[in-house]
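In: here is my input; please provide its structure:
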Amino acid sequence: MTAQELERVWDELAERLGLGPEVWPRIVAAYSEPQRRYHTLDHIAAVVADFLPMQDRFDDTDAALLALFFHDIVYDPARSDNEERSAEAVRDLLTSETADRACAHILATKKHEASTPDAALVVDIDMAILAAPWQDYLRYAENVAREYLPVYGAEAYKAGRCEMFLKPVQNRRVFLTEVFAPREAAAQRNIRDELTLWASGGLPGL
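Out: Residues are numbered from 1 along each chain as shown. Here you go, the predicted structure:
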């Protein structure tokens, strides 16, 4: 999905929600912050591209799409409340049931858990990169590492990545929905291979 296509999707959503043209430049600026390597506008384009073919599966498509645009709008690797602050950014824009649902979806991405079918599908779309072809997955893993390494250093990041994310995900299902179930084996294989790289010295591109 090109930047122009992504902007068009946002413009259509913003019109339905009654949001003005000033919001899009704020979104672009947020996802262009210098500390970002993976959590950029390219990531938003990827999740929106995944969303579009399955939008009819959602009970509230606008809430899901709003959540996907805003789920990483606040991203500071040194903080642990990015999802909460991203949800607050939605509340600053809009007061409605759709906004409330979008905030709940954003918060669901924090622990990759969901209490509604819509939230589960949003979480799976956000996690879809885990099932990407290996070279795409490796680029994702390296770029996430580049976001965190300046803050925590190599050893602390390695421990956090392996013990707090990869191994817990490995020990349960990656994907919450039947829509993404066919991608489970690929995701588990990528996680296993990344763990092997960390055990043998680290990711090759760092």
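
In: could you say what helices and strands the strand or helix carrying Ala49 packs with?
Out: Using DSSP states H and E, Ala49 falls within helix 41-51. Helix 41-51 is packed against helix 3-17, helix 23-31, helix 61-70, helix 117-127, with contacts defined by 3 or more Cβ pairs under 8 Å, 6 or more residues apart in numbering; DSSP states H and E. Where you see a C-beta, it was placed from the backbone N, CA and C, and this is true even at glycine.

In: any idea how far Tyr152 is from the spatially most central residue of the chain?
Out: Nearest residue to the geometric centre of the chain (Cα atoms, centre = their mean): Asp126, 4.0 Å. Note on Asp126: its distance to Tyr152, by Cβ to Cβ, to the nearest Å, is 22 Å.

In: now do Tyr140
Out: The value you get for Tyr140 to Tyr152, if Cβ to Cβ is used, is 18 Å.

In: more neighbours: the two, which one.
Out: Just comparing Tyr140 and Tyr152: by other Cβ atoms under 10 Å the higher neighbour count belongs to Tyr140, 19 against 15.

In: how about that one, nearest residue that isn't a chain neighbour?
Out: With Cβ to Cβ, 6 or more residues apart in numbering as the criterion, Tyr140 has its nearest non-adjacent residue at 4.9 Å, and that residue is Ile129.

In: give the contact list for the one you found.
Out: His43, Ala46, Asp136, Tyr137, Tyr140 (Cβ atoms under 8 Å, 6 or more residues apart in numbering).
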